[in-house]
Structures are given as C-alpha cells and as structure tokens.
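# The following comprises the amino acid sequence and a computationally predicted model.
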Amino acid sequence: MFLNTNDFALGETQAKIPISNVKLPPWANESPHEFVRIHRLALESEYVSNNLHHWIDLVFGFKQRGIESVKANNVFHFLSYEGSVDLDLITDEIDRKATESQIQHFGQTPSQLLTSSHPPRHPAIKCWKPIISDILPAKRLMCYTPFKQFGGNRNKSTHGPAISIQLLPDHIVVVYADLSVGSYKWAPSRHGKTPFYLRMDKIWPVASREMSCSRFALEVHTGSAALDSAIVHSSPSIGIGNWSFAMTKGKGSSSDPQKDTTSNYLNATLLSCGYCDHSLKAHSLDGLRLKCSKRGGHLGAINCMQMDEEGTLLISGGEDATCRVWAIECPEIGEALIDSFVKTAEDQTANDILMCCQVLWGHSSPISSLAFDIDLDVVVSGSKDGLICIHTVRCGEFIRSLQVREFFPPSMLASKAGDSPIGVRKLATHKDGLFVAHLETGLLQMYSINGVKLGCIDAGEKLNAMEMIPGGQSLVTGGESGHVIIRSLRNLEIRYVLDLSDYGPIHSLAFTPPSNSIQQFMFVGTADGSITISSPEYSGDTLPDELEDEESGAQYTQHQVVKKETKTWWR
C-alpha cells in the first residue's frame, strides 16, 4: 500500500513533483517493509498487550456509554450510537436526509458487547511463546541429547543419519538413512530434571526399502556396496533427505485427540518419495505396511515434497519440472480441488488415499526444493536453474517467478557463480508473507511473496535443513558444520549458535506447533543418528553437563547456546 508498483499516474504536487510512492519518516530507512515491521512490533509489544483490555472497554465495553464513558472522555455525537434513532419514524424529509448524512459521513460506534470490565491478558511468563523470542532470551535455551535412543555413536547405531523427524502429540517419529523408522513416546513434563518425558518405543524397516534410491538403504538391504546402475540412474537428482518424507497427523475415530492418544499414532500415514519406480508411497505408521503407491503423472523421479500443517494437502516436485498438489486421505478436498486436466489425464477415484488434484507449471528444469503455507495459500518452488515460482495451491494459478541471479550485485555474482546456473537448495516460508531461499553457492536470499528483494547473506556452508520457527520471527538452519544457527528475520543476521558438531552434520529440524498448554520444543537430527531436544530453561537450577533422571534412569548430555557475530550484506 506504500509503493506505487504499477506506476499509476497519481498527479503532481503544487511544486510539480510527481506523486508516486508514499514518503516515509527517516526512521523507516526509506523501506516500507521496515516501516510495517516496526509498527507490527509496536502493536504486538508487551505494553500494548498488557493494556489492550482498556481499549476493549472503550470501544466495545462498559466505557462506551453512560457515566463511565463521560469519566473516560469517550463521548460521541448521539446519532453515532446504535439504536439511538429509528429512521422509519422520521417523517420530515429534510430531517431524515440530515440524519442519514450525519451517519454516513461521521460513522457509527460499534455495538456494545460488554457491560463489565474486560480482564487483562495473562502475564507473559504464563503465555505461550516461541522457543526463541525477545521476551525469553536464547541464552536460557537448554539442549539435551538422550543416551538411550535408536541412533547415535554411543549406541553403535547402524541406521545412519536421522534424515527426517515427524511429530505427533504423543510420539516422535524418526526416519533414518537406511529407511528404518523409529518411534519414541514423549510428552512435556513439569517434574523431574528434564522438561520432557522420552522413551524408545519400536523401530521398523519401511516395507518398500528395497526399492529406495538411497545408497545407504540399498547397502544395508543387499549387504553390498555395489549398486545396480539402473537404480542409480533413476535416483532423484537431489538425493534422499528430510525433503523426501512427510506424515499425516493421524486423526483417529475420536473427535478429541486428547481422549484417545493412541489414535494419532495408529492412524498416521508416512509418505515418502525417492524410489526407483518414481512413485509417491504411503505406509501405515503402525507396522509400516504399504497402503498406496502412485506417480501422480510425474514423468521421472519425484525429487521433493512438502505437506501442510494439517496433514491433508501435499506438494510434490519432480524431475519433469512440474509440481503437483495431492489430497491425502481426504477425498472431499480432492474432489473440490481437482483440475479438469488432471481428472482427464489421471484415473482418480474418490476413495484414493493419494489423489493428485493440480499440476503447477512454470519451471523448465528439475524441481529442487519446495515451501508451502496453507494459510497464505501459496507454494514456493525452486529449480536447478535458479528459478523460483510462486503459485496458489487451491486453484493452481501461477502468480510470479523470480530468478535468483537477478538478486546479486555484479561483483558478488562474478565471485560466487560466474556464468553457471545457481540451483535453489532449500526454501522456507513465513506467515508474514516472506520466504528465504538457500542456494547451492551457500547464499541465503530473503524475498516477500510479492517478489520484493529484502536481504542476502552468505550462510558459509551448504544447509541440509532450514525451518522457520512456528509463531516466531527467526530462521533456524543446520548443515555440514554441525551447528544449529538461529537467525533474525529482520536481516538474516546470526543471533545464536548451538554447537552439535560432536554428532556430525545436521540433517533434520522439527518444532512443536504453537499451543496454549505446552512450551515449544526443537528437535535436531544429526549424522550419527542422534536426536537432540531443545527447550527454554524451565527451572532456575544450574544443571551439570551430564545428568540422569532418577525417576526413569534416562541420561542426557546438556549443551550450551552461544551468541555469535556475523557480517551481513543487505539491500
């Protein structure tokens, strides 16, 4: 609203200066995005939150009318109040028009909803907040690596890296590089020395492991490092990783998941790609039996996929340079979204577990990364030639495309990439309408979904995992250095670093969603198969580097979070 992006002719000032973009105050640094960001911080600040109930009292509450409104200097023209005049009873035409004019030009007060004082918001310490926030400094972030788990060098694990972590209300599901799936029972806890309860449950091999293009899985399955050349040739060009797995939320027969905690696990479905038959497969989480296998019209391997937060829609990206929208175990949604082209080309039935609904066009090279936000109704896709496309999900409409090379100044472009294509390695979206792209050159670029370039920084490594903190204003990355790096979305500068290099490179990240009942936890999967759990410090006691939960006998290694400076290049 502050930029005249369409270059409309808005006239001139009296000084003959053309009117175009809104002139902003100096503290906004001539950036409408910074102007909006600062106003959002002010409106969402603790001062506003702590005094919001006073505003409710004035506008909708007991201070809107009567003696309390007089005391609060909150009195308006009598015609502005609801029910103060009945236009049908005014017989004089002049009086009627005058009254209507008064209402139309000076407005009306809202309906009075409350007759007593609105309660204030709970104190910040009692409200949910993201794991990293301005209210809770990250120096109080506690990290624990359980001794007893399926992976890890300490346990002499042969399952390989923890390449994907999926969360359910009462279970943690970890996919290892050999396509073994381990489940852990877990729950937040306010007692004991750790803020959670974690126990190993069971581990199963995926039923279709022998068809996987994962070298690690095939070596384990065949007992030999020699792989069939045809299988290697059909492998996804970006390999197997956290982008190859997703999971439904396991909605059981009970309408209240809290009353039937086992229904989430027993009814969840694990989705995976990266098979030599170029299919998307659905396995039941209980026993990992194959439920369905479909290609959805992709010509070639499916490189990556991304699921929405509700576990009902999934986006896949393939070697054929197309993205496809799938309805997962929701035939009603599938029937509502399905495109006539897909319905004609694909044999879809209403009872399909995997139902392809839309084809998203716009790329000319294989898809290498995806990011999906159901609330914004957008999917952001990146390809090997550096093209980023933005589509709507429900209608499958193309919105715009961006070429990452156009972001660079000429000097940086020459030093970083020369004339070769710059592939998009990872993407992550934020609900404020931002997204971050990680490139094969190691750079991080930030855009708005309207295509505005917001910032760029060198990550210093190739990242394997990149996630926005749900409900927060931070980007979390992990890569070959073995460090979990937390960056501010304001300028992508590093705020904090968690050193997990003892466990090898970072392969996966996951966060518990915003909830009124529990604090937020972060789960980190590393190359040795270990899972590290992080949460805000819940006790004022100082814990040793290694501790043992006496109640359960579980042991943990504790890590410290350090702050690190960085240099940023910023547009």
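Perfect, thanks for sending it.
# Listing request: residues of the stretch 101-250 of the chain with sub-threshold pLDDT.
For the stretch 101-250 of the chain, the stretches flagged by pLDDT under 70 are 134-140, 155, 192, 208-238.
# which residues of it fall in strands?
Along the stretch 101-250 of the chain, counting by DSSP state E, counting those that start in this stretch, strands occupy 141-146, 162-167, 171-176, 180-188, 196-205, 245-247.
# Make TSV from those and add distance to residue 321 and mean neighbour count to it.
All C-beta atoms are positioned from the backbone trio N, CA, C, and that covers glycine. As requested, the strands of the stretch 101-250 of the chain are exported to TSV (distance: least, C-beta to C-beta, whole Å; neighbours: other C-beta atoms under 10 Å):
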stretch	distance to residue 321	mean neighbour count
strand 141-146	40	21
strand 162-167	25	25
strand 171-176	27	24
strand 180-188	31	20
strand 196-205	33	16
strand 245-247	21	24
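# now those strands in CSV, with distance to residue 458?
Below are the strands of the stretch 101-250 of the chain laid out as CSV (distance: least, C-beta to C-beta, whole Å):
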stretch, distance to residue 458
strand 141-146, 25
strand 162-167, 25
strand 171-176, 30
strand 180-188, 35
strand 196-205, 35
strand 245-247, 29
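# Looking at the ones you listed, spot the one closest to residue 523.
strand 162-167 (4.9 Å; C-beta to C-beta).
# by contact count, what packs against the closest one?
Using 3 or more C-beta pairs under 8 Å, 6 or more residues apart in numbering; DSSP states H and E, the elements in contact with strand 162-167 are strand 171-176, strand 245-247, strand 506-511, strand 522-526.
# Let me have those strands in TSV, adding distance to residue 452 as columns.
Formatted as TSV, those follow (distance: least, C-beta to C-beta, whole Å):
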stretch	distance to residue 452
strand 171-176	36
strand 245-247	30
strand 506-511	27
strand 522-526	29
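# Among these, which comes closest to residue 22?
Here strand 506-511 is closest among the helices and strands packed on strand 162-167 (C-beta to C-beta), at 36.4 Å.
# where does the protein have its least confident helix or strand?
Least confident element among the helices and strands of the chain, by mean pLDDT, DSSP states H and E: helix 229-233 (a mean of 41).
# Which secondary structure state is assigned to the residue nearest to residue 7 when sequence neighbours are not counted?
Once flanking residues are discounted, residue 7 sits nearest to residue 20: 7.5 Å by C-beta to C-beta, 6 or more residues apart in numbering. Judged by DSSP: H, G, I helix; E, B strand; the rest coil, the three-state class of residue 20 is coil.
# what's near enough to touch residue 20?
4, 7, 10 (C-beta atoms under 8 Å, 6 or more residues apart in numbering).
# how close does the residue sitting furthest away from the middle of the chain get to residue 98?
Distance to the chain centre peaks in the chain at residue 92, reaching 60.4 Å (criterion: C-alpha atoms, centre = their mean). To residue 98, residue 92 is 9 Å away according to C-beta to C-beta, to the nearest Å.
# Next: residue 395.
According to C-beta to C-beta, residue 395 stands 48 Å off from residue 98.
# go on, residue 19?
36 Å.
# same thing with residue 303?
With the distance defined as C-beta to C-beta, residue 303 ends up 68 Å from residue 98.
# who has more neighbours, those two?
Neighbour count, other C-beta atoms under 10 Å: between residue 303 and residue 98, residue 303 has more, with 28 against 13.
# Hmm, residue 315 and that one touching each other?
No: counting by C-beta atoms under 8 Å, residue 303 does not reach residue 315; the two are 11.6 Å apart.
# Which parts of the stretch 151-300 of the chain are helices?
215-222, 229-233, 261-266 (DSSP state H, counting those that start in this stretch).
# taking the mean pLDDT, what do you get for the last one?
Within the predicted structure, the mean pLDDT of helix 261-266 is 65.
# so residue 56 sits in a helix?
Yes: the assignment for residue 56 (three-state DSSP) places it in a helix.
# how many neighbours does it have?
18.
# Now it. Nearest residue, chain neighbours left out?
Of all residues not flanking residue 56 in the chain, residue 118 sits nearest, at 4.4 Å (C-beta to C-beta, 6+ apart).
# residues in contact with that neighbour?
Contacts for residue 118 (C-beta under 8 Å, 6+ apart) come out as 53, 56-57, 61.
# which one of those residues sits closest to residue 380?
For these, the minimum distance to residue 380 (C-beta to C-beta) is 37.2 Å, reached by residue 56.
# where's the closest one relative to residue 112, distance?
11 Å.
# Same question for residue 383.
Per C-beta to C-beta, residue 383 is found 56 Å from residue 112.
# Between the two, which is the more surrounded one?
Set residue 383 next to residue 112 and count neighbours by other C-beta under 10 Å: residue 383 wins out with 24 against 17.
# For the more buried one, which residues count as its bridge partners?
Beta-bridge partners for residue 383, by DSSP bridges, are residue 367.
# likewise residue 307?
Beta-bridge partners, per DSSP bridges, of residue 307: residue 314.
# Likewise for residue 453?
Residues in beta-bridge contact with residue 453 (DSSP bridges): residue 447.
# Next, the contact list for it, please.
Residues near residue 453 by C-beta under 8 Å, 6+ apart: 407, 445-447, 571.
# Give me the buried entries from those.
407, 445-447 (16 or more other C-beta atoms under 10 Å).
# What is the nearest of the residues you listed to residue 170?
residue 446 (35.6 Å).
# correct me, but the closest one touches residue 492?
Yes: applying C-beta under 8 Å as the test, residue 446 and residue 492 come out as touching, 6.0 Å apart.
# Next, show the common contact partners of these two.
436, 455-456.
# In strands only, show me those.
Using DSSP state E, the subset of the shared contacts of residue 446 and residue 492 located in strands is 436, 455-456.
# quick check, nearest of these to residue 272?
Proximity of those to residue 272 (C-beta to C-beta) peaks at residue 436, which lies at 25.3 Å.
# what's the distance between residue 479 and residue 527?
Plainly put, residue 479 is 11 Å away from residue 527 if you go by C-beta to C-beta.
# Revised request: answer the last question for residue 491.
Counting by C-beta to C-beta, the gap from residue 491 to residue 527 is 30 Å.
# which of the two has more neighbours?
residue 527 (22 against 15).
# Identify the spatial nearest neighbour of the more buried one, chain neighbours not counted.
Nearest residue to residue 527, sequence neighbours excluded (C-beta to C-beta, 6+ apart): residue 504, at 2.9 Å.
# How much space separates that neighbour from residue 153?
9 Å.
# Between those two, which contacts overlap?
Common contacts of residue 504 and residue 153, defined by C-beta under 8 Å, 6+ apart, comprise residue 528.
# where in the stretch 401-550 of the chain is pLDDT low?
Checking the stretch 401-550 of the chain against pLDDT under 70 turns up 409-419, 516-517, 537-550.
# ranges for the helices of it?
Using DSSP H, counting those that start in this stretch, the helices found in the stretch 401-550 of the chain span residues 410-416.
# Tell me what the residue most central in space within the chain is bridged to.
Per C-alpha atoms, centre = their mean, the C-alpha nearest to the average position across the chain is that of residue 468, at 5.1 Å. Beta-bridge pairing for residue 468 (DSSP bridges): residue 475.
# Could you give the number of residues near residue 289?
The tally of other residues near residue 289 (other C-beta under 10 Å) stands at 12.
# Nearest spatial neighbour of it, chain-adjacent residues omitted?
residue 207 (5.9 Å).
# quick one: that neighbour and residue 291 touch, right?
No: at 9.6 Å, residue 207 does not count as touching residue 291 under the criterion of C-beta under 8 Å.
# okay, and the common contacts of the two?
residue 283.
# Now do the strands in the stretch 301-450 of the chain.
302-307, 313-318, 323-328, 354-360, 367-373, 378-383, 387-392, 398-403, 424-430, 434-439, 443-448.
# what angle sits between the fifth one and strand 313-318?
In this case it means strand 367-373. Computed with axes from the mean of the first three to the mean of the last three C-alpha atoms, to 10 degrees, the direction of strand 367-373 lies at 170 degrees from that of strand 313-318.
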